[in-house]
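Novice: Mind looking at a prediction? Sequence and model below.
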Amino acid sequence: MSEMRAPKGTFDTLPPASAQFVAVRDTLTAPLRRAGYGYVETPVFEDTSVFARGVGESTDVVAKEMYTFSDRGGRSLTLRPELTAGLMRAFIEHRLHTGGLPVKLWTVGSAFRYERPQAGRFRHFTQVDCEALGVDDPALDAEVVALGVQGFRDLGLTDWQLQLTSLGDSTCRPQYRELLTAFLARLDLDEDTRRRAEINPLRVLDDKRPEVQAQLTDAPLMVDHLSDSARAHHDAVRQHLTDLGVAWVEAPRLVRGLDYYTKTTFEFVHGGLGAQSAIGGGGGYAGLSAALGGPDLPGIGWAMGVDRTLLAVQAEGLDVAVAAGVRAFVVPLGAEAKRFAVRFVGQLREAGVAADTVYGDRGLKGAMKAADRSGATHAVVVGDRDLAAGVAQLKDLRSQEQTAVPLGELLSVVRDTVGP
RNA sequence: GUGGGUGUAGCUCAGCUGGUAGAGCGCCAGGUUGUGAUCCUGGAUGUCGCGGGUUCAAGUCCCGUCACUCACCCCA
């Protein structure tokens, strides 16, 4: 066994399972493409300050989970721990806000966090990201959420739910925060939790330990202390979601780990994943653009975990992969037949038929075995003897029926028999 | 960063109270010198994660270490 291994917390996605990964990734992005969102490609690493300022210095992600390094020019760079901050940096750098608003963007790619791996949590993972920037409109919030919902529906997922709440805005959140801090100060909490309460008291609300939860039954909730405008925004979002046929559950204790979220906040959770049950999440972020030195513009967006969604697909036993493999497999026998096979496979592919042949000297039996494993429904067996007679044998690998086909008709017969 | 579990063939695993390794699947070959899958027969592959200790003897017991895994924290 080799000592070479994928780094801790990373994994390789190999055939045939990789076909499912591709299907999940493409299904999640399809609704965005259909809705007119534009694709953006940004670097996998950014200046460290993009994340420090964008994600928030006090978050765990920035404080202890970033892959940060110096390049040869002495610059501090960081492998992106999420995709939104880099997207915003590009949005600001290229002054995309000077066009029509909102600006609707999506991207997909790798993200990196130095965390202890566990089920559904890795140091390298893939996210699909969707952002709508520059307009504060509850209908836009609803659209963004609905586009995420559509992806899950298209995959056939059923064991999931949308959790929704509002984290308030700059006028009501600070007041609520004080209220909550005062409440938490009266509880019997361990030192670790106290420290967390200081950094972000909201996060204590979704502590999973029963002894903590028991003390939180009477905790004040953000949704009960929203400003009039935040309240109206939240109500309108829910009305639009209803109109769009999107169901949700109220999650007044939903907290997200990135500092930039405001108002609409949501998470998609799946029942088959273990502790890391979130397959996607997002929300509004009023202050992010300004925090990165850009215009003071609002935004709404989400990130979906492709790997976690794939786990969800597998947990539900769904068959999402497009049929891989080939339809026709050419089996040559002899030197002349070999030349014919290589040429004929090229013709089949050119004609749109997924086809393959055998490479390496394996003999007829081995070649037939390869044909079987390829997933092809039909084999084209051709030996020098057949070529001399001007035919090839077309064999249905399921029924075992074999018929001789004149070479002049072979291409069209195979194409019509096996399909694309 | 903290805690629990597990490391034996390519994969899934068995190996009782210590006596120097096995099964199924897969792979290869033959049965069928021009036919796969099915069936029959045969075959190959292991530093038992690594290091140390106890013992006449360690896959088995003890210690350490690494990896994987699950959970906390956090999050996709």
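Specialist: On my side now, so go ahead. Numbers count the residues shown, from 1 in each chain, chains lettered A, B, ... in the order given.
Novice: Just the CA atoms of the helix or strand bottoming out on mean pLDDT in chain A, as PDB, please.
Specialist: Lowest mean confidence among the helices and strands of chain A (mean pLDDT, DSSP states H and E): helix A:210-213, at a mean of 78. The C-alpha coordinates for helix A:210-213 follow below in PDB (Å, rounded to 0.1, in the frame of the first residue of the first chain):
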ATOM      1  CA  PRO A 210     -29.600  19.700  26.500                       C
ATOM      2  CA  GLU A 211     -28.400  21.300  29.700                       C
ATOM      3  CA  VAL A 212     -27.900  24.600  27.900                       C
ATOM      4  CA  GLN A 213     -31.100  24.300  25.900                       C
END
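Novice: roughly how far out does it sit from the chain middle?
Specialist: Relative to the centre of its chain, helix A:210-213 is centred 32 Å away, using Cα atoms, centre = their mean, to the nearest Å.
Novice: now do stretch A:71-82
Specialist: Distance, centroid of stretch A:71-82 to centroid of chain: 24 Å (Cα atoms, centre = their mean).
Novice: Are it and RNA strand B in contact anywhere?
Specialist: Yes - interface with RNA strand B: stretch A:71-82 contributes A:E82 (Cβ under 7 Å from any atom of the strand). C-betas here are computed from N, CA, C, even on glycine.
Novice: which residues touch that stretch?
Specialist: With contact meaning Cβ atoms under 8 Å, 6 or more residues apart in numbering, stretch A:71-82 is reached by A:43-51, A:55, A:61-62, A:65-70, A:86, A:110-113, A:127, A:258, A:303.
Novice: Would you mind listing where chain A has pLDDT under the threshold?
Specialist: A:1-3, A:257, A:322-324 (pLDDT under 70).
Novice: residues near the nearest residue to A:L288 once chain neighbours are set aside, how many?
Specialist: Using Cβ to Cβ, 6 or more residues apart in numbering and skipping the chain neighbours, the partner closest in space to A:L288 is A:Y260 (4.3 Å). A:Y260 has 23 neighbouring residues, counting by other Cβ atoms under 10 Å.
Novice: distance of A:Y260 from RNA strand B?
Specialist: 10 Å (Cβ to the nearest atom of the strand, to the nearest Å).
Novice: what's near enough to touch that residue?
Specialist: A:54-56, A:84, A:285, A:287-288, A:291.
Novice: Now secondary structure too, for those, in TSV please.
Specialist: Converted to TSV, these look like this (DSSP: H, G, I helix; E, B strand; the rest coil):
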residue	secondary structure
A:G54	helix
A:V55	coil
A:G56	coil
A:T84	helix
A:Y285	coil
A:G287	coil
A:L288	helix
A:A291	helix
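Novice: can you pick the most crowded of these?
Specialist: Result: A:L288 is most packed of the contacts of A:Y260 (other Cβ under 10 Å), 30 neighbours.
Novice: follow-up on the earlier one: contacts for the least confident helix or strand of chain A next, please.
Specialist: A:189, A:193, A:204, A:207.
Novice: could you point out which element follows that helix?
Specialist: helix A:228-243 (DSSP states H and E).
Novice: what about the helices in the stretch 251-400 of chain A?
Specialist: Taking DSSP state H, counting those that start in this stretch, the helices of the stretch 251-400 of chain A run over residues A:288-291, A:306-315, A:335-350, A:363-373, A:384-389.
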